[in-house]
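# need coordinates for the following:
(chains A, B, C and D)
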4 protein chains.
Amino acid sequence: MTTPPHTANERSYADLGRLGVEPLWRYYRNLFPAEPHSLAVPFLWRYHELRPHLLHFAQALSLEEAERRVLMLVNPGMQDPPATVNSLYAGIQVVTPGETAQAHRHSAGAFRFVIEGEGAYTTVDGARLRMRPGDLLLTPGWSWHDHRHEGTGPMMWLDALDYPLVNALEAGFFETYDQRSQDIRAPRDLPASQYVHGRLVPAWDTERATASLVGNHTWEETRRAFDAIAHDAVGSDVDGIVLEYTDPWSGGPVMPTLSCRIQRLPPGFRGAARRRTPGTIHHVVSGRGTALVDGRTLDWRDKDVFAVPGWAWCELTNTSRTEDAFVFSYSNEPVLRALGLYRETLTERMG
Amino acid sequence: MTTPPHTANERSYADLGRLGVEPLWRYYRNLFPAEPHSLAVPFLWRYHELRPHLLHFAQALSLEEAERRVLMLVNPGMQDPPATVNSLYAGIQVVTPGETAQAHRHSAGAFRFVIEGEGAYTTVDGARLRMRPGDLLLTPGWSWHDHRHEGTGPMMWLDALDYPLVNALEAGFFETYDQRSQDIRAPRDLPASQYVHGRLVPAWDTERATASLVGNHTWEETRRAFDAIAHDAVGSDVDGIVLEYTDPWSGGPVMPTLSCRIQRLPPGFRGAARRRTPGTIHHVVSGRGTALVDGRTLDWRDKDVFAVPGWAWCELTNTSRTEDAFVFSYSNEPVLRALGLYRETLTERMG
Amino acid sequence: MTTPPHTANERSYADLGRLGVEPLWRYYRNLFPAEPHSLAVPFLWRYHELRPHLLHFAQALSLEEAERRVLMLVNPGMQDPPATVNSLYAGIQVVTPGETAQAHRHSAGAFRFVIEGEGAYTTVDGARLRMRPGDLLLTPGWSWHDHRHEGTGPMMWLDALDYPLVNALEAGFFETYDQRSQDIRAPRDLPASQYVHGRLVPAWDTERATASLVGNHTWEETRRAFDAIAHDAVGSDVDGIVLEYTDPWSGGPVMPTLSCRIQRLPPGFRGAARRRTPGTIHHVVSGRGTALVDGRTLDWRDKDVFAVPGWAWCELTNTSRTEDAFVFSYSNEPVLRALGLYRETLTERMG
Amino acid sequence: MTTPPHTANERSYADLGRLGVEPLWRYYRNLFPAEPHSLAVPFLWRYHELRPHLLHFAQALSLEEAERRVLMLVNPGMQDPPATVNSLYAGIQVVTPGETAQAHRHSAGAFRFVIEGEGAYTTVDGARLRMRPGDLLLTPGWSWHDHRHEGTGPMMWLDALDYPLVNALEAGFFETYDQRSQDIRAPRDLPASQYVHGRLVPAWDTERATASLVGNHTWEETRRAFDAIAHDAVGSDVDGIVLEYTDPWSGGPVMPTLSCRIQRLPPGFRGAARRRTPGTIHHVVSGRGTALVDGRTLDWRDKDVFAVPGWAWCELTNTSRTEDAFVFSYSNEPVLRALGLYRETLTERMG
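Numbers count the residues shown, from 1 in each chain, chains lettered A, B, ... in the order given. Next up, the predicted model:
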């Protein structure tokens, strides 16, 4: 049994809850930290450890049961709701020959970055897009998409979504298509070919969308972009030769919520340290190296995924003396820029 | 004691946690709802119930102890972290004669809407702004601000911040000024006078900012804007005569994260129902009426505050047959529009 | 009879004309001057000299004959085609009681600035706008407009058009309305009242246009904007307290081709010299002073009009020691800015 | 000796000239045509007729004398000032081995489209750009440029400038460099390689310019863009497979004043008729066909240039049954769009 409050002060505090109010002064320091401390922690997911589990579930669990057969890469600091870094999610999806992942759409924006396998395709709003390792396939928010595998081995890809942001904003919508897969309206990725050059765009097609029209940014094209850049090009002190995938109509990021980049770290590259407000998810296309994140070293190699929390210092190194490393990454940088919340700090490399 | 897992399947599930992964299929429906269900609930804070507590704490708690003496209007569905609707916070602050609220700044954007009292001012980046009932005073993100009361009775105002959004994005920064209050650099709100007309702007001052330069949108000016609109003007079926406070340089919202509006509901006005993804906080300047929110009726009158959750149906009525009602409101509409996540649905009024 | 050309060189030159080609080297210096030399000259039109002629034609020439009864202010350096400064035209129109100027529209953008008289109105796309001295009334390109005078004395106003630019771009279209005047669809200038405040805009009306929706920027409002600016405000070294009329939706100029400004020169103001690529037409609302333009002095007073050619040095002085001078002006600055051709140079005032 | 005017009317008219005014009613119909009638006429310049003259002057006239050795393609309807269509100029320049065309810059924007020859380069702001047939090389307004030929035969290219527009706006500036040629700062066209892909842009280089950074849009890249587009792609009824050269940062035209396009007309293509306010200059890269322009037929083939006046009906046909035709073209479309003056009308193809 609680003692009744005796003073006016005690009575006032006791009343507040009933009225739906709280004294700010008891929350103040928590609500206004001097700088961000992300709940996310630096973390590395090793592909060779995940792959056996993906193959196991490819056998043990049907797509009818799972709708999407994905292992979510949940940051140990962000389990409820599950996220990989702030605003963003990464998972690895596996599809086996003959399978079709149910057509659906959601207000969350998504893309896939293919890790291994051949013979699958994604259908986005009726256009059938081939999937090959290194390809980046976009499904902007509210576009219908299903996946179909007509090849022979398992297909695996990185699945990226902004649902943590969309859900945090309480703006998530979802619909299931009324068939398992969409009818094919366009047998090819028309925008990907018509906009293949990027600097030369179709002048007959003037309809603008809020996200890039290009369905597939193939690895073949990405490779070509790197090949065109002189091998002695300097690029960024922090990121090496880093390219942004862009929307050909606006010259800006591929979606209003997501920035996608691919970088080449030359042999022996050691990047300057930087911290910036967006957290970033990296996927190693090839090569090996380290990420020194707030004093913790992540040793990455081909196909691994690693998370760099927002406002954490990060320094990337290619530990090979002979091979380039190629690293794909994504962040919510366009969101923080649009809202005036983007900040970054660079530091001089020491020693 | 737990039994060790026997099957490959059980072993796989058991391993996942250790590797930082989770099976998406067990989270699927929670992460992708068919439409948003805000954690916020429709809620009304009655000013006459809060006022005695504000007066109590004005006596019982010094500003040195409290830094800001504010009762937070915490939505019963959003207590941890505390918010009023999604992304947004409202509180009521009280300052007594002779007090100074410590100068500080934060990356969260803020504004005040004055409820009662005379004689206080807010200093924003060195410019001293008078506060009078009905005035809207902006402190965009990262602007220094302190409050000082030189009048006689208590001053109370609505305090609005976007810290729930900024914190959800892990982009919160905060600094305390090295004096209690800023030195006065400008004795008047220069932008407020130079931009008083809005349609006629100073051509000698071409520096653009990410938020409006106008410090104080006085009630005198707001009143004048309403007076200029013919009394038989129709306005919006949903909102009546509703005006957006704008940034004179861009014609857009006053901050990239916040839209502020003021509406006049004519006597007997009954608005059509609408739902939209942004949640909205309303503050009644004068008048009385109801808000029918997802089937629940909130009876509001002068100086009350009420919360309409995102994607809730809402229908506003002025229950007076003789008096206009004036309602101030704010939402994160600019955020949802910038990210392609704004949606609204209107319905025909029945009967 | 001409002698046949004898050398290969002579034969080549002789052939060129027939083939539609010319040797660039014979035109080079003319086509590429080191800096602009406007065809326009500094020029002053004295209202008291023009007024008797306007009154004469108001009697001698019917509006049926004239369609518009306007004296064009033709710069002595720009007679064919006639223009006042580069890209722009000014004229003075007179309408007598009972007259209606035929409804028409043109792709050229236009506005009126009222000089004297009461009782007339302009109908723009069906909305009836009152005209009073000092009012700025917009008729953006391709909007229907007719003028009607229901008062007692003559009405005179400055007529401004960008037809020299539109014609130079060969983009002029024109249509006559099928009645003498438009039916009145809106008895008031709705946008002018709904957007009266400029910083508080109707949120229910979201249709954007390429030019400002506001029909009439009344002198009453202009006066109010000046009154709000502290009398000791400094403004621009060159232009004094200079305000730009803006489009409330964009915060930019009222039309894509025209920038309109109004400036207050305090008693004794002597502006710094500046030259800039746009030519500018000035109309004196009240006061007296001088413009020193490329070494030539123009003495202006109430209601005069004067032209400052592009890239001419100009220095404005208010020669009164007691009265403010108010000067309205317009230029094609938005055009030159949009095309990357705007330049200006300031100089220090000497002595 | 003239007779003195007798009536008040005659006296008034006689006075007007002295006062710098003209009666609008005497100019009215000329100034406000119902629709544009371009001074330009449809015209074809046959390359095989011009080439001997270019070779002649390559011998007969030194670059020291000529500064630029160019035959201007002057439209028979636009001789003073000389232009090819409204706002735009085309010429054909020839440079012989060992020659250097003097470095200079002008506020007029320019580009070259290479017709024949190998071994020359253009240096733009210190970057050395190779020139090969089919290449489009940009020299945006106010960029230093000189040309140097180190190959063996003559080099010829199409020279395009917007000086008619810049001069019509009286905004022309020009400077000669203090050496004959610029020092080479960058041995390669860095932007052309770094932005080669267009959809993948350097993220380390965030400086924006008012025009495209890419110096050379090589024919190799243009060819590749066409090759990526399926041969059965439909494109535009009017223009076939038509691509716009874009600024990778903005996704818009390469300069604020100029739109550059390249189109492929499949064998037997007969385009629908269209007229639009911008006049257009076409250069045939390869193929043969006709342009039916306001009822007049121009028979074009490889390397010819032809002018289509603004607001003239134009219908393009590829008269070959077996070969594609490639046609490069440019217009001031971005200017007319920025000013709200762009219009086009399409018609159904008949029979």
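# and the nearest residue to residue A:108 once chain neighbours are set aside, how far is that from residue D:259?
Take residue A:108 and drop its neighbours on the chain: the residue closest to it by CB to CB, 6 or more residues apart in numbering or on different chains is residue A:163, 4.1 Å away. All C-beta spots, glycine's among them, are computed from the backbone N, C-alpha and C. Per CB to CB, to the nearest Å, residue A:163 is found 40 Å from residue D:259.
# so what's the closest residue to chain D within chain A up against?
Going by CB to the nearest CB, chain D is nearest to residue A:198 of chain A, at 2.0 Å. When contacts are counted by CB atoms under 8 Å, 6 or more residues apart in numbering or on different chains, residue A:198 touches A:246, A:248, D:197-200, D:246, D:248.
# as a markdown table, those with pLDDT and distance to residue B:73 would be great.
Below are those laid out as a markdown table (pLDDT from 0 to 100; distance: CB to CB, whole Å):
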| residue | pLDDT | distance to residue B:73 |
| --- | --- | --- |
| A:246 | 92 | 43 |
| A:248 | 85 | 46 |
| D:197 | 79 | 52 |
| D:198 | 79 | 50 |
| D:199 | 80 | 47 |
| D:200 | 83 | 48 |
| D:246 | 92 | 50 |
| D:248 | 85 | 48 |
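# ok, residue A:98 - how many residues close by?
Neighbour count for residue A:98, taken as other CB atoms under 10 Å in any protein chain shown: 11.
# my read: it touches residue A:152, true?
No - the pair residue A:98 / residue A:152 is not scored as a contact, 9.9 Å apart, by CB atoms under 8 Å.
# okay, helices next: where are they in the stretch 1-150 of chain A?
A:8-19, A:28-31, A:47-60, A:63-66 (DSSP state H, counting those that start in this stretch).
# what's the most buried one of the ones you listed?
helix A:47-60 (a mean of 17; mean count of other CB atoms under 10 Å in any protein chain shown).
# packing partners of that one?
strand A:70-73, strand A:89-95, helix B:8-19, strand B:21-23 (3 or more CB pairs under 8 Å, 6 or more residues apart in numbering or on different chains; DSSP states H and E).
# rank the ones you listed by pLDDT, which is bottom?
Here those differ in mean pLDDT, and the lowest is helix B:8-19 at a mean of 88.
# run the chain-centre distance for it.
Here the centre of helix B:8-19 is set off from its chain's centre by 46 Å, with CA atoms, centre = their mean, to the nearest Å.
# contacts for that helix next, please.
A:45-46, A:49-50, A:53, A:56-57, A:60, A:71, B:5, B:22-23.
# now the angle between helix A:47-60 and that helix, please.
Here helix B:8-19 runs at an angle of 150 degrees relative to helix A:47-60 (axes from the mean of the first three to the mean of the last three CA atoms, to 10 degrees).
# could I have helix B:8-19 exported to PDB, CA atoms only?
Extracted in PDB, the C-alpha atoms of helix B:8-19 (Å, rounded to 0.1, in the frame of the first residue of the first chain):
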ATOM      1  CA  ALA B   8      19.500 -29.600 -38.400                       C
ATOM      2  CA  ASN B   9      16.600 -27.100 -38.400                       C
ATOM      3  CA  GLU B  10      16.800 -26.600 -34.700                       C
ATOM      4  CA  ARG B  11      20.500 -26.200 -34.900                       C
ATOM      5  CA  SER B  12      20.200 -23.600 -37.600                       C
ATOM      6  CA  TYR B  13      17.700 -21.600 -35.700                       C
ATOM      7  CA  ALA B  14      19.900 -21.900 -32.600                       C
ATOM      8  CA  ASP B  15      22.900 -20.600 -34.500                       C
ATOM      9  CA  LEU B  16      21.200 -17.500 -36.000                       C
ATOM     10  CA  GLY B  17      21.300 -15.400 -32.900                       C
ATOM     11  CA  ARG B  18      25.000 -15.900 -32.400                       C
ATOM     12  CA  LEU B  19      25.600 -14.700 -35.900                       C
END
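# residues in contact with residue A:216?
A:129-131, A:135-138, A:189, A:192.
# repeat that for 6 Å
Residue A:216 is in contact with A:129, A:135, A:137, A:189, A:192, counting by CB atoms under 6 Å, 6 or more residues apart in numbering or on different chains.
# beta-bridge partners for it, please?
residue A:137 (DSSP bridges).
# wait, what's in contact with residue A:124?
A:139, A:143, A:145, A:215.
# measure the last one to residue A:138 for me?
Counting by CB to CB, the separation of residue A:215 from residue A:138 is 6 Å.
# is chain D contacted by the lowest-mean-pLDDT helix or strand in chain A?
Of the helices and strands making up chain A, the lowest-confidence element is helix A:190-194, at a mean of 75, by mean pLDDT, DSSP states H and E. Yes - using CB under 6 Å from any CB of the partner chain, helix A:190-194 reaches chain D at A:193-194.
# next secondary structure after that helix?
Next helix or strand after helix A:190-194 toward the C-terminus (DSSP states H and E): strand A:200-202.
# distance of residue A:8 relative to residue A:17?
When residue A:8 is compared with residue A:17 (using CB to CB), they lie 17 Å apart.
# wait, residue A:176
42 Å.
# helices of the stretch 151-300 of chain A, residue ranges please.
A:163-168, A:190-194, A:219-228.
# just send those back as a markdown table, with mean neighbour count too.
A markdown table is the format used below for those (neighbours: other CB atoms under 10 Å in any protein chain shown):
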| stretch | mean neighbour count |
| --- | --- |
| helix A:163-168 | 23 |
| helix A:190-194 | 21 |
| helix A:219-228 | 17 |
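# figure out which of the ones you listed is closest to residue D:242.
helix A:190-194 (11.1 Å; CB to CB).
# identify whichever of the helices and strands packed on helix A:47-60 lies nearest to residue B:109.
strand A:89-95 (27.0 Å).
# now do the closest one: everything it contacts.
A:54, A:58, A:69-73, A:83-84, A:120, A:147, A:149, A:154-157, A:159-161, A:163-164, A:281, A:305, B:24.
# if we go to 8 Å?
With CB under 8 Å, 6+ apart, strand A:89-95 has contacts from A:47, A:50, A:54-55, A:57-58, A:63, A:68-73, A:82-84, A:101, A:112, A:115, A:120, A:147, A:149, A:154-164, A:281, A:283, A:305, A:307, B:24.
# in its sheet, what does it sit against?
strand A:70-73 (antiparallel), strand A:155-161 (antiparallel).
# with only the CA atoms kept, save the first one in CSV.
Translated: strand A:70-73. Taking Å, rounded to 0.1, in the frame of the first residue of the first chain, the C-alpha atoms of strand A:70-73 are listed here in CSV:
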residue,chain,number,x,y,z
VAL,A,70,15.7,-14.0,-45.9
LEU,A,71,18.1,-13.9,-43.1
MET,A,72,17.9,-10.5,-41.6
LEU,A,73,21.2,-8.9,-40.6
